[in-house]
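A.B. asks: sequence? don't have it. structure:
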């Protein structure tokens with residue numbers, strides 16, 4: 001999270017690419033054919049191929065055209081949080097052992113040749129097919145539409161007898177288990193990472209790090225990394241361990257892009273805010289997060305305030321209003337130099353639909369939610385009373401108990417019980 005960051009690809013991409021066929025005479029590389037568990041997939045030119053069994057620390061990135069093979073590992077090499085350009089990617093893994101992901105829709109079909117003509121809508125631009133006959137889980141990520149990557153899967157060919165069918169299809173149970181107290185009142189340090197850490201990492205950091213809150217990206221069209229470990233069970237275990245959870249939605253952003261961009265028209269941005277709230281609530285419910293949970297909307301930094309202030313405010317107020325209607329609480333992650341200024345300037349116009357919690361990004365290494373640290377007028381009552389978080393350091397590696405994660409660091413002071421009774425009258 002934080003101002004737009006381009007994910008690093010250099011050394012990692014070079015290390016993980018499997019050998020490609022020689023370039024054709026016209027210098028355009030021919031399509032690459034890959035065999036996996038009885039399937040032969042023909043990839044468009046330019047796709048990377050990442051063997052996750054050989055490289056378990058590799059990040060399942062969503063911004064580079066890639067075929068991923070095998071179960072995701074630690075994803076220790078993930079960095080970044082939001083991306084402007086989403087790519088077509090295909091992740092193939094054995095159906096047996098594939099996680100029961102709650103954040104994206106999963107459709108069970110007999111084979112790759114029986115894909116539904118109209119795939120389920122996904123606000124995170126991802127969907128999964130549990131292929132029974134080859135016993136393979138296929139996860140698709142895409143930019144504007146899934147058409148191209150669905151063709152890659154639909155045009156696969158059988159080259160060998162498939163493995164024995166998996167004992168069960170990994171499709172999450174509707175609603176999932178309800179975690180215990182996922183958002184107890186919390187004051188202290190928190191972190192967020194591009195992908196949900198392993199259980200070993202979470203347990204080790206709970207015991208050895210200063211952190212008691214964790215931000216986890218539950219969906220959105222601009223999300224940078226896949227979430228193969230994000231299940232209702234993962235959420236339940238972290239809540240039971242005492243973590244304060246900060247579920248983050250990475251919806252349309254204040255930049256011009258057909259797939260991930262926010263509309264510069266406030267009326268259209270308003271509609272996007274409603275859609276984002278509905279998508280976030282669907283993901284939250286699938287993860288077992290109860291009514292009243294605070295859901296955080298990640299809106300990245302922007303410099304052209306004349307263009308983006310009005311649509312950002314329209315988007316976040318619509319997001320807030322719809323979340324309230326659906327029984328959830330609203331929060332906004334915004335930069336001190338842009339989104340905080342926009343929301344603060346318009347606060348008096350509609351205080352009842354301003355985000356309940358303000359999460360301000362200002363990388364000044366000051367662990368505080370004081371007015372000046374948050375970019376607010378000193379002495380203001382806006383977002384006062386345990387309704388603030390401050391991201392004071394971004395994108396760095398931290399090691400505790402021998403486990404290293406790439407994180408952003410935050411100071412959090414949030415009490416959901418305050419939100420339940422907070423006064424909605426205009427504030428100074």
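C.D. replies: It's in. Here the structure is a predicted model, which means the values were calculated and not measured.

A.B. asks: how about the host helix or strand of residue 34: buried residues?
C.D. replies: Taking DSSP states H and E as the criterion, residue 34 maps to strand 32-36. Buried residues in strand 32-36, counted by 16 or more other Cβ atoms under 10 Å: 32, 34, 36. C-beta coordinates here come from the backbone N, C-alpha and C atoms, glycine included.

A.B. asks: mind listing what the helix or strand just after it pairs with, with the direction of each?
C.D. replies: Sequence-wise, the next helix or strand downstream of strand 32-36 (DSSP H and E) is strand 39-43. If you go by DSSP bridges, strand 39-43 pairs up with strand 32-36 (antiparallel), strand 157-158 (antiparallel).

A.B. asks: and residue 224, which of those is closest to it?
C.D. replies: strand 32-36 (24.4 Å; Cβ to Cβ).

A.B. asks: if we can go back for a sec, return the distance of the strand holding residue 34 from the chain's centre.
C.D. replies: Chain-centre distance of strand 32-36: 29 Å, with Cα atoms, centre = their mean, to the nearest Å.

A.B. asks: what's it in contact with?
C.D. replies: Strand 32-36 has contacts (Cβ atoms under 8 Å, 6 or more residues apart in numbering) with 18, 20-21, 40-43, 45, 47, 49, 67, 69, 92, 136, 159-160.

A.B. asks: got it, and stretch 392-407?
C.D. replies: Residues outside stretch 392-407 that contact it (Cβ under 8 Å, 6+ apart): 1-2, 5, 76-80, 191-194, 197, 200-201, 204-205, 207-209, 361-368, 373, 408-411.

A.B. asks: and that stretch, how far apart are its ends?
C.D. replies: Start and end residues of stretch 392-407 are separated by 12 Å (Cα to Cα, to the nearest Å).

A.B. asks: off-centre distance for it?
C.D. replies: With Cα atoms, centre = their mean, you get 18 Å for stretch 392-407.

A.B. asks: ok, stretch 196-206 next?
C.D. replies: Its chain's C-alpha centre and that of stretch 196-206 lie 18 Å apart, by Cα atoms, centre = their mean.

A.B. asks: out of the strands paired with strand 39-43, which comes closest to residue 335?
C.D. replies: So among the strands paired with strand 39-43, strand 32-36 is nearest, using Cβ to Cβ, at 40.5 Å.

A.B. asks: bridging residues for residue 215?
C.D. replies: Bridge pairing for residue 215 - DSSP bridges - gives residue 192, residue 246.

A.B. asks: what about it, distance to residue 340?
C.D. replies: 18 Å (Cβ to Cβ, to the nearest Å).

A.B. asks: so the two - more neighbours on which side?
C.D. replies: residue 215 (26 against 22; other Cβ atoms under 10 Å).

A.B. asks: who's in contact with that one?
C.D. replies: Taking Cβ under 8 Å, 6+ apart as the test, what residue 215 contacts is 1, 190, 191, 192, 193, 246, 247, 248, 296, 408, 410.

A.B. asks: for residue 57, state which of those is nearest.
C.D. replies: residue 193 (13.6 Å).

A.B. asks: next, count neighbours for that closest one.
C.D. replies: Using other Cβ under 10 Å: residue 193 sits among 23 other residues.

A.B. asks: do the same with residue 264
C.D. replies: The burial count for residue 264: 15, using other Cβ under 10 Å.

A.B. asks: in contact with it: list those residues for me.
C.D. replies: Counting by Cβ under 8 Å, 6+ apart, the residues that residue 264 touches are 256, 307, 308, 311.

A.B. asks: give me the distance between the two termini of stretch 347-365.
C.D. replies: End-to-end for stretch 347-365, by Cα to Cα: 27 Å.

A.B. asks: and that stretch, how far from the chain's centre?
C.D. replies: For stretch 347-365, the distance to the chain centre is 21 Å (Cα atoms, centre = their mean).

A.B. asks: what does stretch 210-218 give?
C.D. replies: On Cα atoms, centre = their mean, the centre of stretch 210-218 falls 13 Å from the chain's centre.

A.B. asks: what does stretch 116-134 give?
C.D. replies: 18 Å.

A.B. asks: can you check stretch 388-408 too?
C.D. replies: 17 Å.

A.B. asks: do a quick rundown of the strands in the stretch 201-350 of the chain.
C.D. replies: Taking DSSP state E, counting those that start in this stretch as the criterion, the stretch 201-350 of the chain carries its strands at 211-219, 244-249, 294-298, 329-335.

A.B. asks: now the shortest one: average pLDDT?
C.D. replies: Just to be clear, that refers to strand 294-298. Model confidence over strand 294-298, given as mean pLDDT, is 98.

A.B. asks: the longest strand in this protein is where?
C.D. replies: As assigned by DSSP state E, the longest strand anywhere in the chain is strand 387-400.

A.B. asks: quick one: whichever helix or strand comes after that one to strand 387-400, angle?
C.D. replies: Where DSSP H and E defines the elements, the next helix or strand beyond strand 387-400 is strand 403-414. Interaxial angle, strand 403-414 versus strand 387-400 (axes from the mean of the first three to the mean of the last three Cα atoms, to 10 degrees): 160 degrees.
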